[in-house]
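Participant: quick check, what structure comes out for this input:
(4 chains)
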2 protein chains.
Amino acid sequence: MPSLTEQIERWLKEQLLRAGGNTLEIRRSDLAEIFACVPSQVNYVLATRFTVERGYLVQSRRGGGGFIRIIKLRMDLPEQLQGLLSRGIGESISQAQAEGIVERLWEEELLNGREKRMLEAAVSRETLGVELPLRDVLRARLLKAMLLALLGE
Amino acid sequence: MPSLTEQIERWLKEQLLRAGGNTLEIRRSDLAEIFACVPSQVNYVLATRFTVERGYLVQSRRGGGGFIRIIKLRMDLPEQLQGLLSRGIGESISQAQAEGIVERLWEEELLNGREKRMLEAAVSRETLGVELPLRDVLRARLLKAMLLALLGE
DNA sequence: CCCTATTTTGACCTTCCTTGACCTTCATCT
DNA sequence: AGATGAAGGTCAAGGAAGGTCAAAATAGGG
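Facilitator: Here you go, the predicted model:
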């Protein structure tokens, strides 16, 4: 049985597709009611599954008439990948962030399944197996170098 | 009477066959309950019976909604690649050696151009950018993990 | 029977998810 | 403007998985 977080994640992505557009607006309290959970559960889902790395922008407004808006960022061109390489990936990156980027590129069909798995393997804490300040630095270098290798057809 | 370890091993392999696919996902705690044993017994079975040498890859996730995933590796590949993964690549490897392996796999068409470039980027001295005893160790881990990723599914 | 290798257990650790108390912002009504 | 209620935000504690390691138990071979 998928976790609540996963259920909410799927539901939101489905709504995004169904709406056809790239934007979804909903009340946090409504979502919480649909899934019979506390409202802050929604914030957890947004914070872990709809990050910028994964290609989403989340906006919101408090007070009466408040809402949460999820915007799916499109990455249609390799040019954007270049942007990712030059600006998006810094000197150091966490595993979660790196996986978000890989997940997004895969969803955008800029990577196939084999390439995705290779990147995930390379970026994994376990594979790197060194302690923390260095691990994140190494991961950033690898991710950049590997993605760059894909661009240079 | 077969040992607990053997019973669990058989059961898992049977489930893998039954599912038809090459992947099985299950909760460690469920498995422990089925066989009325401590959860860590499952780890022992995985560590001794579902190793890379025996043709399996094990992945997992902790926390709520956690799971253990067993992937049966493709066995239709030349012995070379499998041999490489279980014995050929040691704890440490030079750039020249690593590049030789990648080149060979590419010539045998086990890797395409994109995959070759990703691997070369990952094993490059410049990308790794750490000093020597560690660099070769890291390279060996990356090469193994990335090639292994190609054998899943 | 003894010695060794393998298996079984359990205490303790890390990661990820869920919940709830408390805080901030906004629209609207006096 | 000030008060009020209706949103959403934050954060820390608790819970729910799986991981690790070493000691204890057992099985097998000589």
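
Participant: in stretch A:130-146, what counts as buried?
Facilitator: Buried residues in stretch A:130-146, counted by 16 or more other CB atoms under 10 Å in any protein chain shown: A:130, A:135-146. Heads up, the C-betas are built off the backbone N, CA and C, glycines and all.

Participant: where along chain A do the helices fall?
Facilitator: A:4-18, A:28-34, A:39-49, A:78-83, A:95-107, A:113-123, A:125-128, A:132-151 (DSSP state H).

Participant: just name the most buried of these.
Facilitator: helix A:113-123 (a mean of 21; mean count of other CB atoms under 10 Å in any protein chain shown).

Participant: any residue of that one touching DNA strand C?
Facilitator: No. If you take CB under 7 Å from any atom of the strand as the test, helix A:113-123 misses DNA strand C, and the best it gets is 12.6 Å.

Participant: specify the angle between that helix and helix B:132-151 in degrees.
Facilitator: 150 degrees (axes from the mean of the first three to the mean of the last three CA atoms, to 10 degrees).

Participant: give me the pLDDT for the residue in chain A positioned nearest to chain B.
Facilitator: Closest to chain B within chain A is A:Ser3: 3.0 Å, counting by CB to the nearest CB. A:Ser3 is assigned a pLDDT of 96 by the prediction.

Participant: how about A:Met118?
Facilitator: pLDDT, read off for A:Met118, is 97.

Participant: hang on, it packs against B:Leu151?
Facilitator: No. Using CB atoms under 8 Å, A:Met118 makes no contact with B:Leu151, being 11.1 Å away.

Participant: who touches both of the two?
Facilitator: Counting by CB atoms under 8 Å, 6 or more residues apart in numbering or on different chains, no residue touches both A:Met118 and B:Leu151.

Participant: what domains does the record give for chain A?
Facilitator: A:4-72, A:78-151 (automatic domain parsing).

Participant: so which of the helices of chain A gets nearest B:Ser40?
Facilitator: For B:Ser40, the closest of the helices of chain A is helix A:125-128, at 18.6 Å, according to CB to CB.
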